[in-house]
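Sequence first, predicted coordinates after that:
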Amino acid sequence: MNLDRLHDKIQDSKSLFIGEDTAFRSAVVIPLVKSEDEWHVLFEVRSFKMRKQPGDISFPGGRIDATDASPMAAALRETQEELGINPDTVRVIGELSPYIASPSFVVHPFVAVIDYNEIIRSYNKDEVEEVFAIPVEWLLKHEPYMHLISINPSPATNFPYEKIMNGDQYQWRSHSLEEWFYEYGNYTVWGLTARILKHFIEIMKKTT
């Protein structure tokens, strides 16, 4: 075994995490818009006609396709499809740390400035029920609240217990998932969107 070649191969093959190559990879934009001289974070309400998660509140974004040059390219493409925004008019401020929801699901968030007036005129009614914005100042002053969800492993009936120590008496490790909630008027931002938003706001607080 050639250890130098092994070293080079390990460096060349380094991914964000083990399993990234088979995970569902997506990218979103956290849109910053200016309205009445005040910065806001823009959100979508998913169309009630959507097959998955109708009516949920989210950031624009979606799956990273094989044809996308990068996660950022995917985020901008999805934003154009949903909000009708020309990617050339979007000013990308930066990329946040990826959110690894599970070994099979990772989200790449990008912060970008978008023209609010252009969105109002052009968003895709087939995918987006409505858009709304929350002032950044409000988000800086209002803490989200959190609830825990218990996650308990439940192997399939054909799981090969005979292959593992203690068989069907094996003590599976359960854990809790934090779910954060922001309440703004009639809107509730929660789930993955709230988790990414919370991380972004924590960064914002360090700049003020």
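Arrived safely, thanks for sending. Numbering: from 1, shown residues only.

Quick check: buried residues in the longest helix belonging to the chain?
Using DSSP state H, we find that the single longest helix of the chain is helix 191-207. Judged by neighbour count (16 or more other Cβ atoms under 10 Å), helix 191-207 contains these buried residues: G191, L192, T193, A194, R195, I196, L197, K198, H199, F200, I201. (Glycine included, C-beta is placed from N, CA and C.)

Between the residues you listed, which sits nearest D65?
Taking Cβ to Cβ as the measure, L192 is the one of these closest to D65, at 19.5 Å.

show me the contacts for that closest one.
When contacts are counted by Cβ atoms under 8 Å, 6 or more residues apart in numbering, L192 is found next to S58, Y99, A101, V107.

Please report how far it lies from S122.
Taken as Cβ to Cβ, to the nearest Å, the spacing of L192 relative to S122 amounts to 25 Å.

With S70 instead?
Here the criterion is Cβ to Cβ. By it, S70 lies 24 Å from S122.

what does Y187 give?
Distance of Y187 to S122, computed by Cβ to Cβ: 21 Å.

Next: G94.
G94 sits 25 Å away from S122, going by Cβ to Cβ.

Give me the more crowded residue out of these two.
S122 (14 against 9; other Cβ atoms under 10 Å).

That one against G84, yeah?
Yes - in terms of Cβ atoms under 8 Å, S122 counts as a neighbour of G84; the distance is 2.9 Å.

now, which of the buried residues of helix 191-207 sits nearest E179?
Within the buried residues of helix 191-207, the smallest distance to E179 is 6.7 Å, found for G191 (Cβ to Cβ).

looking at this, E178 is in a helix?
No - remark: E178 does not belong to a helix; assigned using DSSP: H, G, I helix; E, B strand; the rest coil, it is strand.

Surely it is in contact with S150?
No - look at E178 against S150 with Cβ under 8 Å: they stay out of range, at 11.5 Å.

neighbour-wise, which of these two wins?
The residue with more neighbours, out of E178 and S150 and counting by other Cβ under 10 Å, is E178; that gives 11 against 8.

Which residues does the more buried one form beta bridges with?
Here E178 sits in beta bridges with L148, as judged by DSSP bridges.

Pull the contacting residues for it.
Residues touching E178, when contacts are defined by Cβ under 8 Å, 6+ apart, comprise M146, H147, L148, R195.

from the middle of its chain, how far away would the lowest-mean-pLDDT helix or strand in the chain be?
Among the secondary structure pieces of the chain, namely its helices and strands, helix 3-12 has the lowest mean (mean pLDDT, DSSP states H and E), a mean of 76. Mean C-alpha position of helix 3-12 versus that of the full chain (Cα atoms, centre = their mean, to the nearest Å) differs by 32 Å.

Setting aside sequence-adjacent positions, which residue approaches I119 most closely?
Excluding its sequence neighbours, the residue lying closest to I119 (Cβ to Cβ, 6 or more residues apart in numbering) is L83, at 5.0 Å.
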